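>>> Curious how this folds, go ahead:
(2 chains)
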2 protein chains.
Amino acid sequence: MSAASATVATRILGLDPGLRITGFGLIDTLGSQLRYVASGCIRTRDGELPGRLKTLLDGVREVIETYRPDVVAVEKVFVNVNPQSTLLLGQARGAVICGAVSCDLAVHEYTALQVKQSVVGYGKAAKEQVQHMVQRLLALDASPSPDAADALACAICHAHGSRGLGALPGLGTRRRAGRMLA
Amino acid sequence: MSAASATVATRILGLDPGLRITGFGLIDTLGSQLRYVASGCIRTRDGELPGRLKTLLDGVREVIETYRPDVVAVEKVFVNVNPQSTLLLGQARGAVICGAVSCDLAVHEYTALQVKQSVVGYGKAAKEQVQHMVQRLLALDASPSPDAADALACAICHAHGSRGLGALPGLGTRRRAGRMLA
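Okay, the predicted model is just below:
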């Protein structure tokens, strides 16, 4: 991993996992500066679960091969009132994280509360506020799609937490910003 | 994939996913004959989730590279009363399935009910009955460990369902034995 010094930019891949749509967003950080790199969605079509998980795994790997991030930040998913939905979402999240760890990247996890707190300054902010602040912080011409915005927000959350620590920690290191154990 | 003809054996990898212990079991089928190949467990140590998922992903891939199965059968997991446990189990299952699909193997899913029905003839059979029947059906000298037994039972369930169909179907094909959509 690159050291987050004053001269070397660190590229962060943010991921917002979902079985139907997984958002991704990449930013470069250089000291306190944030620079937008790319964002988008990996979509899976209706069908059998193993095939959909493969689409997510391959999609994340393709994003990593294309943009070569140094580190990955993944949003923790909510447990749903419907246990079957929770199970499906868990499997999707497992596939998304596998995409990252199979490329030997360290994965940091943040709750939606932490992400909103970091980006909007308020843990219960509405989706539109997150989109608005992501657009402002990254100086984008237009508002990103909700899924891409959540992924970019997760990357920004990691950048805010890392700043001033000198280097981004590897797997197994606790984060100042409150990296979560699942 | 190999055709399940009278002369070519099909090797089935059965998997019983869990975050702490994932059981695996391999059998060869030749017509109505079943032959034990290998079985065991992939264990993850306490620690952060991404690292544990990587252990499962790499473990399944290693089993596949070592024993070269033709097809994979995975037990469907129960949703737990605790939503957080369901989410963790879902993520483990996602990683286990990713291990198989990343090796381009077709993955078939069976519920515990289907597996028990197929191996013991009774969907609500006790764990010990499953272990006993797996030992008998595969002519093993000793009873396999519970996790390995469940994985072997899942492989046997797939073998029983496939017999007489001529060839094992690929992804996207419905199974006579009731392959489940998650």
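>>> Mind jotting down where the strands sit in chain A?
Assigned by DSSP state E, chain A shows strands spanning A:10-16, A:21-30, A:33-43, A:71-75, A:107-110.
>>> low pLDDT regions in chain A?
A:1-7, A:162-182 (pLDDT under 70).
>>> rerun at 90
Applying pLDDT under 90 to chain A picks out residues A:1-8, A:31-32, A:76-85, A:121-127, A:143-147, A:161-182.
>>> Please identify the residues of chain A in proximity to chain B?
Within chain A, the positions adjacent to chain B are A:47-51, A:53-54, A:57, A:77, A:79-80, A:83-84, A:86-95, A:97-102, A:106-107, A:109, A:171-172, A:181-182 by Cβ under 8 Å from any Cβ of the partner chain. From N, CA and C alone the C-beta is placed, and that goes for glycine too.
>>> Return the members of those residues classed as buried.
A:48-51, A:53-54, A:57, A:77, A:79-80, A:83, A:86-95, A:97-102, A:106-107, A:109, A:182 (16 or more other Cβ atoms under 10 Å in any protein chain shown).
>>> who are the neighbours in contact with residue A:139?
residue A:36 (Cβ atoms under 8 Å, 6 or more residues apart in numbering or on different chains).
>>> Kindly report the same for the one 10 residues further on.
Residue A:149 makes contacts with A:23, A:25, A:39, A:127, A:130, A:131, A:134, A:135, A:143, as judged by Cβ under 8 Å, 6+ apart.
>>> quick one: the second one and residue A:154 touch, right?
Yes: in this structure, residue A:25 sits in contact with residue A:154. The criterion is Cβ atoms under 8 Å, and the distance is 7.5 Å.
>>> Find residues that contact each of these two.
In contact with both residue A:25 and residue A:154: residue A:14, using Cβ under 8 Å, 6+ apart.
>>> sorry, back to before: using a markdown table, lay out the strands of chain A together with distance to residue B:31.
Formatted as a markdown table, those follow (distance: least, Cβ to Cβ, whole Å):
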| stretch | distance to residue B:31 |
| --- | --- |
| strand A:10-16 | 47 |
| strand A:21-30 | 43 |
| strand A:33-43 | 42 |
| strand A:71-75 | 47 |
| strand A:107-110 | 46 |
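>>> Figure out which of the ones you listed is closest to residue B:71.
strand A:33-43 (26.3 Å; Cβ to Cβ).
>>> which residues does residue A:36 bridge with?
residue A:27 (DSSP bridges).
>>> Near it, how many residues? Count them for me, please.
Neighbour count for residue A:36, taken as other Cβ atoms under 10 Å in any protein chain shown: 18.
>>> next one: residue A:61
Summarising burial for residue A:61: neighbours were counted as other Cβ under 10 Å, giving 16.
>>> what about the helices in chain A?
A:49-67, A:83-101, A:112-119, A:127-137, A:146-162 (DSSP state H).
>>> May I have the fourth one exported as PDB, CA atoms only?
Pointing back at helix A:127-137 there. The C-alpha trace of helix A:127-137 is given here as PDB (Å, rounded to 0.1, in the frame of the first residue of the first chain):
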ATOM      1  CA  LYS A 127     -29.900  10.500   1.000                       C
ATOM      2  CA  GLU A 128     -30.200  13.800  -0.900                       C
ATOM      3  CA  GLN A 129     -28.000  15.500   1.600                       C
ATOM      4  CA  VAL A 130     -25.300  12.800   1.100                       C
ATOM      5  CA  GLN A 131     -25.600  13.200  -2.700                       C
ATOM      6  CA  HIS A 132     -25.300  17.000  -2.300                       C
ATOM      7  CA  MET A 133     -22.300  16.900   0.000                       C
ATOM      8  CA  VAL A 134     -20.500  14.300  -2.200                       C
ATOM      9  CA  GLN A 135     -21.000  16.600  -5.200                       C
ATOM     10  CA  ARG A 136     -19.700  19.600  -3.200                       C
ATOM     11  CA  LEU A 137     -16.700  17.900  -1.600                       C
END
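>>> Other residues contacting that helix?
A:34, A:115-116, A:119-120, A:122, A:125, A:140, A:142-144, A:146, A:149-150, A:152-153, A:156.
>>> Skipping adjacent residues, who's closest to residue A:93 in space?
Spatial nearest neighbour of residue A:93, chain neighbours left out: residue A:17 (4.2 Å); criterion: Cβ to Cβ, 6 or more residues apart in numbering or on different chains.
>>> Verify the contact between the one you found and residue A:72 for me.
No: using Cβ under 8 Å, residue A:17 makes no contact with residue A:72, being 11.3 Å away.
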